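Peer 1: Fold the stuff below for me.
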Amino acid sequence: MLEDLRENVLTLLEERVERAIETIHRLREEKLALESQNNQLRDELDQREVQIQNLEQRNAELNHFESEILVLQNEREQERLAVDQEKAEVREHLEGLMTMLNNVENRSERQEVEQLSAFDNASETVDNEEEQQEAEQPSDSDNTSDETELA
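Peer 2: Below is the predicted model of the structure:
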């Protein structure tokens, strides 16, 4: 019985040792798998960090370009406003010149009309004076008929 007990104890110890060995092997395999997975995740993390750095650099470049674009847009808007202002000033100046030209043209037309009317009046005056002179001087045919009647 002591021997049976000893055998049972030995069998139990052997079984436990075998289970311990199996557990050690399984844990080693799991450890190796976890280390492999950990290495793979580290590689992915390193790649992601490089991607993040590249994206951050690209984002900084894009922000720089965006600020340059905004500056250029503001400059362009200022130039457009200046051109619009200049156009308005030129338009006002041209309108003033057109008004002045119209006034000069109207004065010229008035002067021409006045000159024509003064010329017409002078011509009528000359015509009237000539008529009066003719009326005051008897014509040759009138003189001849008067002389004939007297004779």
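
Peer 1: how near is residue 115 to residue 108?
Peer 2: According to C-beta to C-beta, to the nearest Å, residue 115 and residue 108 sit 10 Å apart. To be clear about C-beta, it is placed using only N, CA and C from the backbone, and glycine gets the same treatment.

Peer 1: again with residue 86
Peer 2: Residue 86 is 32 Å from residue 108, by C-beta to C-beta.

Peer 1: tell me what the lengthiest helix in the chain is packed against?
Peer 2: When the chain is parsed with DSSP state H, its longest helix is helix 2-136. Judged by 3 or more C-beta pairs under 8 Å, 6 or more residues apart in numbering; DSSP states H and E, helix 2-136 is in contact with no other helix or strand.

Peer 1: when you give positions from now on, start the count at 17
Peer 2: OK, 17 is where the count begins now, so the last one is helix 18-152.

Peer 1: what about it, distance to the chain center?
Peer 2: Centroid separation for helix 18-152 versus its chain: 10 Å, with C-alpha atoms, centre = their mean, to the nearest Å.

Peer 1: What ranges in this structure fall below the confidence cut-off?
Peer 2: 132, 134-167 (pLDDT under 70).

Peer 1: Repeat the analysis, applying 50 as the threshold.
Peer 2: 167 (pLDDT under 50).

Peer 1: any idea how far residue 46 is from residue 39?
Peer 2: Between residue 39 and residue 46 the computed distance is 10 Å (C-beta to C-beta).

Peer 1: Over to residue 96?
Peer 2: 71 Å.

Peer 1: Ok, residue 60 next?
Peer 2: Where residue 46 is concerned, residue 60 sits at a distance of 21 Å (C-beta to C-beta).

Peer 1: Could you do residue 104 as well?
Peer 2: On the measure of C-beta to C-beta, residue 104 and residue 46 end up 83 Å apart.

Peer 1: Spit out the contact partners of residue 84.
Peer 2: By C-beta atoms under 8 Å, 6 or more residues apart in numbering, residue 84 lies in contact with nothing.

Peer 1: Please consider this matter closed, and thank you.
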